[in-house]
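Colleague: next comes the sequence, and after it the predicted model I'd like to discuss.
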Amino acid sequence: MAADLAGTPTAGLNVQLCGDAHLSNFGGFASPERQLLFGLNDFDETLPGPFEYDLKRMAASFTIAARNNGFTPADEKAVTSESVRAYRSAMTEFAAMRTLDIWYAHMSEHDIQEAMEAVQKSTKVAAGSKTGKGKGGKKRASKGGNAEDGHIAKSFKVANKTLRKAHTRDSLQALTRFAEVADGRYRIASQPPVVVPLRDMDGAWGLSTDQIREVVEDQFRAYQASLSADRRLLLDRFRIVDMARKVVGVGSVGTRAFMVLLQGRDDQDPLFLQVKEATRSVLEDHLPNSRFNTPGQRVVEGQRLMQASSDIFLGWTKGVQDDRFYYWRQLRDMKASAAVETMSPFAMTFYARMCGWTLARAHARSSDPVAIAEYLGDDDRLDRAITQFSAGYADQNSRDYDAFVKAVADGRLDAVHGV
């Protein structure tokens, strides 16, 4: 999509781009104060560039998701339009705010729950206004209202369950998921091909396990140097216990990723760190190259700029090989993601509102919200234009997929089914 967007018109208003702002790259994460916040959570492609790139990617992803979920054309259009309207409306709000207030703005778990409660109350009021009188003068609610109440209640029940579950996703939970006890000590359990611990990596990259461990120790010290002094001191209280290679994400397959188990005062004081390879942003083929020396630093600095609050252990290193770069973060820190594939039109519209606001806040931190708000305007022309673009892009997306499936069927592309 970066190549497709490169030829589209822009207003000349640049922001720090996420670079991959589709709806599944938004979600929950913990602040250092242990609040659950909602925001963007994938910055592998982050780079300064036209705000339209992120906005169009987000909107198009809602159109594609709506079609995948079998929404009617009207619901598909409404969901997409709401994501753009929410972005435009939020940017207008940020344009009227003081600079520090924009910086401090965030969407917390409490904010999400308050918004859900407000929707439920307004829906009940609307349903009450539609009641009539049946036999004996008794009030009778419309069947449509009852059905709508049920859909809303179900959607919010799922959302609250996701929020509660996020609080359990920490290093202790990861210890039960990824570790085992051997000789009275915790170590990372072998789960090939997804998780391959150090003891099973002898000979990888031409190195023995002892050499790999030495590299990890050296990389850890280099990573610590990218953190602030207080966080370096905090990490000094942990020691490395084990590490493993770990396959992550569809988009990251083919790049290197690792997990590192550290221990504090005892074996019930774990810390899991994830180490992911950072490569050149796809946007750099069409926009000025990053001003940072390494892709790892580009990812970290972009995330710190766009997120309301970032992982306290977010840092970077240059790998041992000249062409390898990495960024480090906590493996699990109250991470939460929405189950997009099961969303109803109502739930996805509510989610689109959250994503639109969040993207606008991220952009407003690095650019001039007044200029962007003035360009977006106060009517729905932008909403309609981006929604139309998204429909056309989704059409092309479907044609591309059909061509891909046909190439597999014809034997022009090798594929393994059922993986």
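Modeller: Structure's in. What do you need?

Colleague: in stretch 154-165, what counts as buried?
Modeller: By 16 or more other C-beta atoms under 10 Å, the buried positions in stretch 154-165 come out as 155-156, 158-159, 163. Where C-beta positions appear, they are placed from N, C-alpha and C, glycine not excepted.

Colleague: stretch 370-387 too?
Modeller: Using 16+ other C-beta under 10 Å as the test for burial, stretch 370-387 gives 372-373, 376, 382-383, 386-387.

Colleague: and stretch 259-274, end to end?
Modeller: From its first residue to its last, stretch 259-274 covers 5 Å (C-alpha to C-alpha, to the nearest Å).

Colleague: so which residues make contact with that stretch?
Modeller: For stretch 259-274, the external contacting residues (C-beta atoms under 8 Å, 6 or more residues apart in numbering) are 171-172, 174-175, 178-179, 185-188, 195, 216, 220, 235, 237-244, 246, 248, 257-258, 275, 313, 328-332.

Colleague: give me the subset of these lying in helices.
Modeller: Secondary structure from DSSP state H places 171-172, 174-175, 178, 216, 220, 235 of the contacts of stretch 259-274 in helices.

Colleague: ok, the closest residue to residue 234 other than its chain neighbours - contacts?
Modeller: The shortest distance from residue 234 to any non-neighbouring residue, by C-beta to C-beta, 6 or more residues apart in numbering, is to residue 312 (7.7 Å). Listed by C-beta under 8 Å, 6+ apart, the contact set of residue 312 reads 32, 231, 234.

Colleague: now the helices for the stretch 301-419 of the chain?
Modeller: Ranges of helices in the stretch 301-419 of the chain, per DSSP state H, counting those that start in this stretch, are 345-364, 369-376, 381-409.

Colleague: mean neighbour count, the ones you listed: which tops it?
Modeller: With neighbours defined as mean count of other C-beta atoms under 10 Å, the helices of the stretch 301-419 of the chain peak in mean count at helix 345-364, which reaches a mean of 24.

Colleague: with just CA atoms, put that helix into PDB.
Modeller: C-alpha atoms of helix 345-364 as PDB (Å, rounded to 0.1, in the frame of the first residue of the first chain):
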ATOM      1  CA  PRO A 345     -21.700  -3.500  12.600                       C
ATOM      2  CA  PHE A 346     -22.500  -1.700  15.800                       C
ATOM      3  CA  ALA A 347     -19.300  -3.000  17.500                       C
ATOM      4  CA  MET A 348     -17.100  -2.100  14.600                       C
ATOM      5  CA  THR A 349     -18.600   1.400  14.300                       C
ATOM      6  CA  PHE A 350     -17.800   1.900  18.000                       C
ATOM      7  CA  TYR A 351     -14.300   0.600  17.500                       C
ATOM      8  CA  ALA A 352     -13.900   2.800  14.400                       C
ATOM      9  CA  ARG A 353     -14.600   5.800  16.600                       C
ATOM     10  CA  MET A 354     -11.900   4.800  19.000                       C
ATOM     11  CA  CYS A 355      -9.300   4.200  16.300                       C
ATOM     12  CA  GLY A 356     -10.100   7.500  14.500                       C
ATOM     13  CA  TRP A 357      -9.700   9.500  17.700                       C
ATOM     14  CA  THR A 358      -6.500   7.600  18.600                       C
ATOM     15  CA  LEU A 359      -4.900   8.200  15.200                       C
ATOM     16  CA  ALA A 360      -5.700  11.900  15.300                       C
ATOM     17  CA  ARG A 361      -4.100  12.200  18.800                       C
ATOM     18  CA  ALA A 362      -1.000  10.400  17.600                       C
ATOM     19  CA  HIS A 363      -0.700  12.700  14.600                       C
ATOM     20  CA  ALA A 364      -1.400  15.800  16.700                       C
END
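
Colleague: specify the beta-bridge partners of residue 329.
Modeller: Beta-bridge pairing for residue 329 (DSSP bridges): residue 274.

Colleague: and the strands in the stretch 1-150 of the chain?
Modeller: Taking DSSP state E, counting those that start in this stretch as the test, the strands found in the stretch 1-150 of the chain are 14-17, 26-30, 36-40, 47-50, 107-108, 132-133, 139-140.

Colleague: no further questions, thank you.
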